[in-house]
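**Q** this one's sequence-less:
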């Protein structure tokens, strides 16, 4: 072998040849295209068909967007502008309706001098959300979050500042009566007292206190009636109130359904099944039609409040089932571990069971919330002017009769932004809370 | 025990309902606004403008009643109502007056316990077809596809009409007028049928209105009018005679421009009685003597309202037709103010 070593053997390489470029067909974009789009005649055919479909759709929609007209006073004017600019056979979107009526689509009939109020309420809401959604925020901000519903109510509806304050004090009264009653009459009665005393306070005292204070110190914002709310402000208020209120209610219902106490268990089951078994639109009609017959006439039970209550109950039933799924997914050992630590029921739930169960349920909960938010458009059937209802009303003016897609595109876009960000947040939360499969 | 209390409360509530509905005029005066149910949006009849101010032909009736009762045509609280909730809203006392292009029918008047106070627009169901279809009469529509709003009287009228004439059709059910316009324009149906006023309003929005023809047949009677609850005749009288006042004012030549001048007194005793310079008609209704002066001064007479909202000078462009004064061959005929 040694004789064969050395330089006399010219066919043996002594150094590495430089790497060659891979064949053109096996690299980069060409390889990707070949493998993914044109692998075999069937794939090629499907690719071509898909490309054609995409081209067909884009070529029809794009000019419509590209030629859109933003400055006109009516649909007829829009058509005149289009004829002058592009010719009469060009498709062109008349987004002038949005620039003319966007305030209405966003704020409804809210007085235009007060447009800052819904916006401020939204900012307050986002600020309140920050400590709730992101755990790196200082925990003390949660106290401010608790005060935010009252601030938002104050901003949106206005009126005297003392009304919301008097109502808020009721919660303090509840906590105080629990603390006072606990050493005297024991836990169960203390809980009952913490419910009954504030209710009595709200029914009989809060109104008197509020009116007395407002006559002494009349601070407040101009009052805006519920019927002036509309558009996205209305959707947001219904959606957000529903979301905030239905989560705790849903969790309670889920716990109730798992409870060993017969009456609580049966009530929860009946509530969940009845609410889930009937379509939301029926509940909305109940809220708007049936309740009127049962309430004494002259009681001005605000329609918006009725709708919020119905939407909340509806979504609470769904949340309850989602959370129940999370509870059922927890191994039995977790419950036993909580018991063995000597925790009572509420502590066990709060510290051990619910954090895990809720984490499992996040996708389902957010799913329900997105559904709830989109379902708020159903209120159009009971005559509330949400964005869809307003699009009808706008179309009923002689200026804009005949405008369809532009309004729906705008409404769809706004809903998409909201729902998409909710979906993104749920993904973020899932990733952050992931513990097992690292 | 709890149940008894609940039923008791409901019974009291029911009694209170009877008591409250007995004096709508007092309630309206106490509230300072008239609560009026209107459509959620119907071109020419009721629609909010860019500032959220409601306007339209039906809206004008609400404003007229508010002007008569409260002296202010803007003191109206508009409730946009869908077709499903309109009668309940009225019956439950959520609104004082419903002016929502509602057809006066026997069962709505008698069975649903409403009180129609008159007719402010005589409508009828018509057909619209593309001109290139070459149809000149609805009787030539054998085998046509027809876009029709479900759950309305128009659907029943349509079936009756085709059965009477022994011709066949294929219904394309649609939910709203907006959907109908799109379906019709997209060619999903040959013919679109709804009230003639609606057809005219729809056609006015098309790019080429001339390509579409409204067929001459009117196949139903649709007297549209304002209505109030059963049980408060005094309130019904106020609304009825406000509407009659609008109609009579046109007949007698009282307009928003000259009403102030005529109110001082004229040679025509009926005008004097209406405008309060003679007699006590206002007091009989429980209103001020100048109630009709307020009404006509703020919303105009029937003809002015018609022209401003749906008349031939507007994009909707309806002719007076049946809605002309009886002296001009129409059906508008107000009983005398005496």
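**A** Nice, thanks for sending it over. This one's a predicted model, so the numbers in the text were calculated from it and none came from an experiment.

**Q** Near chain A, which residues of the stretch 201-338 of chain B are found?
**A** B:201-202, B:204-207, B:314-316 (C-beta under 8 Å from any C-beta of the partner chain). Using the backbone N, CA and C atoms, a C-beta is placed for each residue, glycine as well.

**Q** ok, now with 10 Å
**A** Contact residues (C-beta under 10 Å from any C-beta of the partner chain) of the stretch 201-338 of chain B with chain A: B:201-202, B:204-208, B:309-310, B:314-316.

**Q** nearest spatial neighbour of the residue in the stretch 101-250 of chain B that chain A sits nearest to, skipping sequence neighbours?
**A** Scanning the stretch 101-250 of chain B for the residue nearest chain A gives residue B:205, at 3.2 Å (criterion: C-beta to the nearest C-beta). In this structure, residue B:205 finds its nearest non-sequential neighbour in residue A:402, 3.2 Å apart by C-beta to C-beta, 6 or more residues apart in numbering or on different chains.

**Q** Also residue B:80?
**A** residue B:40 (4.2 Å).

**Q** Low-confidence ranges, the stretch 1-150 of chain B, go.
**A** In the predicted model of the stretch 1-150 of chain B, residues B:1-22 satisfy pLDDT under 70.

**Q** where do the strands sit along it?
**A** Assigned by DSSP state E, counting those that start in this stretch, the stretch 1-150 of chain B shows strands spanning B:34-39, B:47-48, B:54-55, B:76-81, B:97-103, B:114-116, B:121-123, B:125-130, B:144-149.

**Q** JSON lines for the ones you listed, including mean neighbour count?
**A** Supplementary listing: those in JSON lines, determined by neighbours: other C-beta atoms under 10 Å in any protein chain shown:
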{"stretch": "strand B:34-39", "mean neighbour count": "26"}
{"stretch": "strand B:47-48", "mean neighbour count": "28"}
{"stretch": "strand B:54-55", "mean neighbour count": "20"}
{"stretch": "strand B:76-81", "mean neighbour count": "23"}
{"stretch": "strand B:97-103", "mean neighbour count": "26"}
{"stretch": "strand B:114-116", "mean neighbour count": "21"}
{"stretch": "strand B:121-123", "mean neighbour count": "22"}
{"stretch": "strand B:125-130", "mean neighbour count": "23"}
{"stretch": "strand B:144-149", "mean neighbour count": "20"}
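
**Q** quick one, domains of the chain?
**A** In the absence of a named chain, this looks at chain A. With domains defined by automatic domain parsing, chain A comprises A:102-110+A:226-433, A:159-221.

**Q** You answered for a different chain; I wanted chain B.
**A** With domains defined by automatic domain parsing, chain B comprises B:25-122+B:223-328, B:125-220.

**Q** for these, which one ends up most surrounded?
**A** Mean neighbour counts were taken over the domains of chain B using mean count of other C-beta atoms under 10 Å in any protein chain shown, and the top value, a mean of 20, falls to domain B:25-122+B:223-328.

**Q** which one is the residue nearest to the spatial centre of chain B nearest to, not counting chain neighbours?
**A** Chain B has residue B:101 as the residue nearest its centroid, 3.7 Å off, counting by C-alpha atoms, centre = their mean. The shortest distance from residue B:101 to any non-neighbouring residue, by C-beta to C-beta, 6+ apart, is to residue B:224 (4.7 Å).

**Q** Likewise for residue B:259?
**A** Leaving aside its chain neighbours, residue B:259 sits nearest to residue B:296 (4.5 Å; criterion: C-beta to C-beta, 6+ apart).

**Q** just to revisit the earlier point, list the contacts for the residue nearest to residue B:205?
**A** Residues in contact with residue A:402 (C-beta atoms under 10 Å, 6 or more residues apart in numbering or on different chains) are A:74-76, A:78-79, A:94, A:97, A:395, B:43, B:178, B:181-182, B:185, B:201-202, B:204-207.

**Q** Doesn't it lie inside a helix?
**A** No: read with DSSP: H, G, I helix; E, B strand; the rest coil, residue A:402 is coil and lies in no helix.

**Q** if I look at the residue nearest to residue B:80, how far off is residue B:179?
**A** Using C-beta to C-beta, to the nearest Å, we find residue B:40 at a distance of 15 Å from residue B:179.

**Q** do residue A:406 as well
**A** 16 Å.

**Q** got the residue ranges for the helices in the stretch 1-150 of chain B?
**A** For the stretch 1-150 of chain B, applying DSSP state H, counting those that start in this stretch gives helices covering B:2-21, B:24-31, B:57-70, B:86-91, B:106-110.

**Q** Could you list the buried residues of stretch A:345-365?
**A** A:348-349, A:352-354, A:356-358, A:360-362, A:364-365 (16 or more other C-beta atoms under 10 Å in any protein chain shown).

**Q** Pipe the residues you listed into JSON lines and attach pLDDT per row.
**A** Formatted as JSON lines, those follow (pLDDT from 0 to 100):
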{"residue": "A:348", "pLDDT": "90"}
{"residue": "A:349", "pLDDT": "89"}
{"residue": "A:352", "pLDDT": "90"}
{"residue": "A:353", "pLDDT": "90"}
{"residue": "A:354", "pLDDT": "89"}
{"residue": "A:356", "pLDDT": "88"}
{"residue": "A:357", "pLDDT": "90"}
{"residue": "A:358", "pLDDT": "87"}
{"residue": "A:360", "pLDDT": "87"}
{"residue": "A:361", "pLDDT": "88"}
{"residue": "A:362", "pLDDT": "86"}
{"residue": "A:364", "pLDDT": "90"}
{"residue": "A:365", "pLDDT": "89"}
